[in-house]
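> From the sequence below, what's the structure:
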Amino acid sequence: MTSPFTGGETILVKEPREYDFRGSKFHIIHHHYQCVDTGETFTDARLDNLNLNQVYNQFREKEGIPFPDEITEYRKQYDLAATKMSQILGFGVNMYGKYEAGEIPSISNGRMINICKDPVFFKNYFISSASHQFQDKEKEAILKKIEKAIDHKRINIKSEFEKYAALGNTERGIYTGFVAPNLEKSRQMVVYFARNCSPVTTKMNKLLYYADFLNYNRTGYAISGMTYQAKTWGPVPERYDGLYGNVSDIVERVVEFYSGDVSGERLKTEEEFDATLFNDEELKSMEKVVARFKNMPTKDIVLISHDELAWIENEVKENFISYQYAFDLKAFS
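Next up, the predicted model:
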């Protein structure tokens with residue numbers, strides 16, 4: 001980044017700051033550039049988003065306000081237009097769509113949206129508080145869509161158990177990088193690194209960790225939503241054995257022998273990577289991890305991970321690792 005003041009060099013500065021937002025105070029790691037020649041500071045769009053995302057994420061978590069992807073997911077399970085959801089919930093005609101696009105709801109509206117998460121609750125609310133707005137034909141059509149969502153949720157109970165077995169913690173927050181843990185994205189991350197690096201499991205654990213934490217470092221959000229834990233060989237996904245068991249249909253675990261009788265598993269695949277599940281920033285983060293570690297021996301990436309504050313401060317008790325440590329990543333400093 002060149003200075004807009006002199007065209008000369010700049011440095012990236014990270015410092016703790018307190019932000020006031022809607023009556024509450026939040027502590028973030030503020031990012032800005034500083035002109036080496038003049039000392040003046042400035043930001044760009046990426047850093048502005050990173051700083052604001054830290055504030056907004058904490059506010060949503062504190063007040064129980066759903067995130068934009070959740071707001072969209074709640075609506076889509078009923079196959080209803082955003083304007084129709086606004087009408088049912090008593091919002092302004094375009095408000096639900098604005099919330100999906102990232103505008104933060106008031107606390108009261110956020111809690112109203114949470115009613116939509118569970119189809120049974122939503123059905124009870126619709127019948128008791130919103131159905132009077134609609135003619136009989138439209139009311140019946142909406143109720144049919146809600147009933148369909150209820151049936152779909154019952155059928156998919158098994159998939160929720162599978163997600164928990166593979167990912168562990170499924171609660172969005174600082175230990176999931178403020179994204180909902182996503183099993184399919186986690187599976188595709190394994191495919192991506194298996195195709196590009198053919199790593200042993202120990203190295204795969206580090207590639208996943210660095211991809212998620214680097215993306216949080218750059219955007220304020222993880223990629224997969226996996227929770228990571230500090231273990232002897234460095235940070236690892238909380239349920240990495242469950243994760244690799246879950247991908248056994250698309251990723252081969254090849255047993256290899258090293259010195260003596262010591263063996264390890266190498267992850268390989270011919271599966272095509274589904275890039276459509278990821279946004280541009282997530283893909284860039286994974287590309288940066290491959291560029292950094294593709295040809296690095298496993299023992300070296302382990303040593304690098306042991307130099308991270310995230311591991312140093314959590315290894316003794318094998319704690320889960322807060323994504324706040326992403327701002328201290330040494331491997332990408």
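
> What segments of the stretch 201-333 of the chain are helices?
Here the stretch 201-333 of the chain has its helices, by DSSP state H, counting those that start in this stretch, at 201-219, 240-246, 280-293, 298-306, 309-312.

> Quick one: closest of those to residue 155.
For residue 155, the closest of those is helix 240-246, at 19.0 Å, according to C-beta to C-beta. The C-beta positions use only the backbone N, C-alpha and C, and glycine is treated the same way.

> Specify which residues of the stretch 201-333 of the chain, grouped into ranges, have pLDDT under the cut-off.
257-263 (pLDDT under 70).

> can you tell me which residues contact the closest residue in space to residue 198 that isn't next to it in sequence?
In space, and not counting its chain neighbours, residue 198 is closest to residue 268: 5.2 Å by C-beta to C-beta, 6 or more residues apart in numbering. Counting by C-beta atoms under 8 Å, 6 or more residues apart in numbering, residue 268 touches 194, 198, 251-252, 254.

> cutoff 6 Å now
194, 198, 252, 254 (C-beta atoms under 6 Å, 6 or more residues apart in numbering).

> Could you do residue 307 as well?
residue 330.

> Quick check on it: phi, psi?
phi -90, psi -10 (degrees, to the nearest 10).

> I'd like to know how far it sits from residue 315.
Applying C-beta to C-beta, to the nearest Å, the value for residue 307 to residue 315 is 12 Å.

> Let me know which of the helices of the stretch 201-333 of the chain is tucked in deepest.
Highest mean neighbour count of those: helix 201-219, a mean of 25 (counted as mean count of other C-beta atoms under 10 Å).

> Report all helices and strands that that one contacts.
Applying 3 or more C-beta pairs under 6 Å, 6 or more residues apart in numbering; DSSP states H and E, one finds that helix 201-219 contacts helix 183-197, strand 234-237, helix 280-293, helix 298-306.

> quick one: the strands in the protein?
10-21, 24-35, 41-42, 228-231, 234-237, 252-257, 263-268 (DSSP state E).

> Quick check: residue 267 touching residue 254?
No - using C-beta atoms under 6 Å, residue 267 is not in contact with residue 254, being 7.8 Å away.

> Residue 256 bridge partners, please.
Beta-bridge partners recorded for residue 256 (DSSP bridges): residue 264.

> separation between it and residue 313?
In terms of C-beta to C-beta, residue 256 sits 33 Å off from residue 313.

> the more surrounded of these two?
residue 313 (15 against 10; other C-beta atoms under 10 Å).

> Residue 214 and residue 12: what is the separation?
Taking C-beta to C-beta, one finds residue 214 at 15 Å from residue 12.

> picking that back up, okay, the helices of the stretch 201-333 of the chain in TSV with distance to residue 324 next?
Shown next, in TSV, are the helices of the stretch 201-333 of the chain (distance: least, C-beta to C-beta, whole Å):
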stretch	distance to residue 324
helix 201-219	9
helix 240-246	22
helix 280-293	17
helix 298-306	17
helix 309-312	9
